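Trainee: can you look at this prediction? I've put the sequence above it.
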Amino acid sequence: MKITKNLIVALFIILSILFMIIETDDIMYGVQNAIKLWATRVFPVLFPFYIFSALAVKYGVAHLLGDLLKPITRCLFRTSSISGFVFFMSIISGNPSSAIIISQLYEDGSITKTEAQHLLSFCVFVNPIFCIGTIGYAYFHNVTIGYIVLISHIMANIIIGLLMRYQIKNKYIEHFSFKNAYLKMVRHKNKHNTTFGETITTILQNGMNTMFLIGGFMIFYNLIIVMIINSQIIHYSYHYLSYLLMLFNIHYETYYAFFVGIFEMVLGVDTVIQSTFSLRLTTTFVTMLISFGGLSIHSQIQSILLKVKLKYFPFFISRIAQMVFSGVISFYLFPFLYNEKTIHTIYLFSYTTKDKTIVLLSIIILSICLLTIINHRIVKKRTLS
């Protein structure tokens, strides 16, 4: 088995080198695209978040924000107070920031290994700017589609978090107090006996190393995609599996888009959008690909997890679940939120009367459910005490 694996790896490397010699132009184009994407889309968004999230962890601000959000996250997910900070920062920063933040907290001793693995299951999000700006506005020229993708993506993670709450055996009974949250932040800050200059230097060095690692993975998987497309592997594999795929009514367009998207999410999304699917199916497939993330993002996160010895497989299974949940939510949410006229604002007043009613009803129902859960938890704690 080991000999076969070594021979496959050796054959892959040799064929890749030969391909780079034969198709130099395509390889150069793929590398330039990857570097351009990293320099213009990934680095400017991810690096600032890395710096300030690391500072928040080092100076205890993460504990303060976590305690402020814990009435919500604890009732929903049964997690410790710090999960509020992780959940909030993961939503606004996107991949692979969540893995970076969780690994920082684990290295810092703020969370246990079990908590880190648990948070990795449902605190993984794509950048909201990418959903609304790139997907909604740039690709579809309709911001409502960006909102559908983003809402489905977030709701799928919340469902995973709700389902996994029953695996948590620890019962956190600490009551909310702003004073306690502030004191916790001060204690954590005092624990790190380093100057601001030393702290920021370490953060910048680690941040640049992580950014270049992410850029390297993007280049590698872009090259893999270029080689796969040029070698016609997708076409031949579909022909070989056509009988099985047609049983599930999976056509070549769908197979091609998902094959590419498994390796590189952005390229897969681009392929789906250029296809002849209906707008509803296109939105569903785009949401599914974004939720899975692609092996490029998975490799980035796996490299981060390996440094702190956290398991990757539970994260992978959770992304499969998120892909399925988000696809179903997107498919059924589309008729309610889609508007043919492009919406350039997120304000409620820009919606039609029908859309306003749906949004308001959703907010009211969610608020009632949330208040009911919080009230139930408070009554239960008082009964136990």
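Mentor: Received it, and whenever you're ready, just let me know what you need. Numbers count the residues shown, from 1 in each chain.

Trainee: tell me the mean pLDDT over stretch 240-260?
Mentor: Stretch 240-260 carries an average pLDDT of 80.

Trainee: equivalent analysis for stretch 119-139, please.
Mentor: On average, the pLDDT along stretch 119-139 is 81.

Trainee: same thing with stretch 80-94?
Mentor: The model assigns stretch 80-94 a mean pLDDT of 76.

Trainee: what about it, distance to the chain center?
Mentor: Put simply, stretch 80-94 sits 12 Å off its chain's centre (CA atoms, centre = their mean, to the nearest Å).

Trainee: neighbours around the closest residue to His298 other than its chain neighbours, how many?
Mentor: Closest residue in space to His298, ignoring its immediate chain neighbours: Phe316 at 6.9 Å, by CB to CB, 6 or more residues apart in numbering. Glycine gets a C-beta too; all of them are placed from N, C-alpha and C. Phe316: 14 surrounding residues under other CB atoms under 10 Å.

Trainee: which strand or helix spans Phe316?
Mentor: Assigned by DSSP states H and E, Phe316 belongs to helix 313-337.

Trainee: okay, buried residues for that helix please.
Mentor: For helix 313-337, a neighbour-count test (16 or more other CB atoms under 10 Å) marks 315, 318-319, 321-323, 325-331, 333-334, 337 as buried.

Trainee: now stretch 157-164
Mentor: Asn157, Ile159, Ile160, Gly161, Met164.

Trainee: mind listing which of those residues are in strands?
Mentor: Using DSSP state E, no member of the buried residues of stretch 157-164 sits in strands.

Trainee: any idea how far the helix or strand hosting Gln104 is from the chain center?
Mentor: If you go by DSSP H and E, Gln104 is part of helix 97-108. Distance, stretch centre to chain centre, for helix 97-108: 14 Å (CA atoms, centre = their mean).

Trainee: by contact count, what packs against it?
Mentor: For helix 97-108, the packing partners by 3 or more CB pairs under 8 Å, 6 or more residues apart in numbering; DSSP states H and E come out as helix 43-58, helix 83-93, helix 113-122, helix 294-307.

Trainee: what's the offset of the last one from the middle of its chain?
Mentor: Spelled out, that is helix 294-307. Mean-position distance between helix 294-307 and its chain equals 12 Å (CA atoms, centre = their mean).

Trainee: buried stuff in that helix?
Mentor: Gly294, Leu295, Ser296, Ile297, His298, Ser299, Gln300, Ile301, Gln302, Ser303, Ile304, Leu305.

Trainee: again, but for the longest one
Mentor: For helix 43-58, burial by neighbour count (16+ other CB under 10 Å) applies to Phe43, Val45, Leu46, Phe47, Phe49, Tyr50, Ser53, Ala54, Ala56, Val57, Lys58.

Trainee: look up the pLDDT of the third one for me, please.
Mentor: Spelled out, it's Leu46. 72.

Trainee: ok, now the fifth one?
Mentor: pLDDT recorded at Phe49 is 74.

Trainee: could you measure the nearest residue to Phe47 once chain neighbours are set aside against Pro44, distance?
Mentor: Leaving aside its chain neighbours, Phe47 sits nearest to Met211 (5.6 Å; criterion: CB to CB, 6+ apart). Look at Met211 and Pro44: by CB to CB, to the nearest Å, they are 10 Å apart.

Trainee: again with Gly268
Mentor: 23 Å.

Trainee: mind naming the longest helix for this structure?
Mentor: Longest helix of the chain, by residue count under DSSP state H: helix 196-230.

Trainee: tell me what angle the helix or strand following it forms with helix 196-230.
Mentor: Counting by DSSP H and E, the next helix or strand C-terminal to helix 196-230 is helix 233-247. Helix 233-247 runs at 80 degrees relative to helix 196-230, counting by axes from the mean of the first three to the mean of the last three CA atoms, to 10 degrees.

Trainee: buried residues in helix 233-247?
Mentor: Here helix 233-247 shows Ile234, Tyr238, Leu245 as buried, counting by 16+ other CB under 10 Å.

Trainee: any regions of the stretch 201-350 of the chain where pLDDT drops low?
Mentor: For the stretch 201-350 of the chain, the stretches with pLDDT under 70 are 340-350.

Trainee: now the angle between helix 43-58 and the longest helix of the chain, please.
Mentor: 140 degrees.

Trainee: OK, contacts around Ser326?
Mentor: Ser152, His153, Met155, Ala156, Thr287, Met288, Ile290, Ser291 (CB atoms under 8 Å, 6 or more residues apart in numbering).

Trainee: wait, which of these is closest to Phe196?
Mentor: Minimum distance to Phe196 across the contacts of Ser326 is 36.2 Å, recorded for His153 (CB to CB).

Trainee: what strand or helix carries the closest one?
Mentor: In this assignment (DSSP H and E), His153 forms part of helix 143-164.

Trainee: for the most centrally placed residue in the chain, phi and psi?
Mentor: Nearest to the geometric centre of the chain sits Phe125, at 2.7 Å (CA atoms, centre = their mean). Backbone torsions for Phe125, taken as degrees, to the nearest 10, come to phi -130, psi 160.

Trainee: so it touches Val86, yeah?
Mentor: No - counting by CB atoms under 8 Å, Phe125 stays clear of Val86, with 10.8 Å between them.

Trainee: which residues do the two both contact?
Mentor: Both Phe125 and Val86 are in contact with Ser98, where contact means CB under 8 Å, 6+ apart.

Trainee: ok, back up a step: and the contacts of Ser326, which are buried?
Mentor: Looks like those have Ser152, His153, Met155, Ala156, Thr287, Met288, Ile290, Ser291 buried, using 16+ other CB under 10 Å.

Trainee: distance check, Asn230 against Ile273.
Mentor: According to CB to CB, Asn230 and Ile273 sit 22 Å apart.

Trainee: correct me, but Ile320 touches Ser291?
Mentor: No - Ile320 is beyond contact range of Ser291, at 9.3 Å (criterion: CB under 8 Å).

Trainee: find residues that contact each of these two.
Mentor: Common neighbours of Ile320 and Ser291 (CB under 8 Å, 6+ apart) do not exist.
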